[in-house]
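Undergrad: Need a 3D model of the following:
(4 chains)
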Number of protein chains: 2
Amino acid sequence: MDKTALFYKLVSFTNSVHRVTYELTQDAKSDSITQVQYKILEYITVSQPVTPSEISNCMNMSMPNTSRELRKLSEKRLIEKIEDTEDRRKQYICLSYDGKIMMNEAFASIEARFLDRIQHASKEDLEDIERALDILQTKLFYQ
Amino acid sequence: MDKTALFYKLVSFTNSVHRVTYELTQDAKSDSITQVQYKILEYITVSQPVTPSEISNCMNMSMPNTSRELRKLSEKRLIEKIEDTEDRRKQYICLSYDGKIMMNEAFASIEARFLDRIQHASKEDLEDIERALDILQTKLFYQ
DNA sequence: CCTCTTACTTATCATTTGATAAGTAAATCA
DNA sequence: TGATTTACTTATCAAATGATAAGTAAGAGG
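TA: Sure thing, here's the model as predicted:
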């Protein structure tokens, strides 16, 4: 298989990943937040504590827009801002108690759909899947 | 590895896929169309000919919004609408000549970045990647 | 101390996207 | 033939998102 054929396979694959991700995550988020706010909470969940600049960089959002969405999340009592004691310009963002509850529920609902999706997979299938995830993460979707 | 651990691996994996997809595709689309319009063109490119209803279903867009975006793409001369001769309510959407040129350019730019990403992969690595893509597509990201 | 840079905020505006109501025209069905 | 359904359109509105200008306050460097 030449590299261009592999590229087409990748295109088809990423489409599948996006479609299945959509299927697993649809309706998982609370209606009280927007899609972008959910993605920010998701990022904070796996990376906390995190600064607004990091959110801005990693999510490809401008600082003003990041700041606005963080303010909204803060007003909804889903995150907490903690000042850096050494550099008082910096902040660290963490999930609040309510935010943790919300994200736990969201992840639980996504996990349930995932388990449903792999319910007919054999032990060998699961091992294949795990190996394949590792290979692609290190050799193709790295960084 | 239990299924919950596998789920966390999946979460991390899909984040990587989304990030790399963003990296590969950023700036690939022309500035004269919006993100949604680009996604529609991408779908048409790989599935043409396709009906507005199919686009609406597969892209999770309402028919009115699908219709609006297709009208805009048509006004930009990037797609063509062909009436079904048997059922005159139906349409088939195809890329126009200009649309094909635009998508060829976009795909070429994405492919160039992809090739860059795998430039250091050995023949064995590429085979591993191909196998892994196949396994995940059939066992996890199916349908 | 003064200047520059960094980290973040506020304000504002345009554009995109999503949702809904209402309509047309052709096919199907009874 | 008349009623219903399907495929798509038009119009309109609200909300989300993106982009930019201008501002504050703290740290860093000379």
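Undergrad: in chain A, which spans are helices?
TA: For chain A, applying DSSP state H gives helices covering A:3-25, A:35-47, A:52-58, A:63-75, A:97-117, A:123-139.
Undergrad: so where's chain A uncertain?
TA: Along chain A, segments meeting pLDDT under 70 are nowhere present.
Undergrad: Close to DNA strand D: what parts of chain A are there?
TA: A:34-37, A:61-62, A:64-65, A:68-69, A:86-89 (CB under 7 Å from any atom of the strand). C-betas here are computed from N, CA, C, even on glycine.
Undergrad: and with 10 Å instead?
TA: Within chain A, the residues that sit near DNA strand D (CB under 10 Å from any atom of the strand) are A:31-40, A:59-69, A:72, A:83-90.
Undergrad: Can you tell me what sits against stretch A:124-138?
TA: When contacts are defined by CB atoms under 8 Å, 6 or more residues apart in numbering or on different chains, stretch A:124-138 is touched by residues A:118, A:121, B:1, B:3, B:6, B:9-10, B:12-13, B:16, B:128-129, B:131-133, B:135-136, B:139-140.
Undergrad: again, only using 10 Å
TA: Residues outside stretch A:124-138 that contact it (CB atoms under 10 Å, 6 or more residues apart in numbering or on different chains) are A:10, A:13, A:118, A:121-122, A:141-142, B:1-3, B:5-6, B:9-10, B:12-14, B:16-17, B:20, B:125, B:128-129, B:131-140.
Undergrad: Show the buried residues in those.
TA: Neighbour counting with 16 or more other CB atoms under 10 Å in any protein chain shown marks A:10, A:13, A:118, A:121, A:141, B:6, B:9-10, B:13-14, B:16-17, B:20, B:128-129, B:132-133, B:135-137, B:139-140 as buried within these.
Undergrad: ok, the most centrally placed residue in chain A - contacts?
TA: Closest to where the C-alpha atoms of chain A average out (CA atoms, centre = their mean) is A:Glu42, at 4.4 Å. A:Glu42 is in contact with A:25, A:29, A:59, A:103, A:106-107, A:110, B:11, B:15, counting by CB under 10 Å, 6+ apart.
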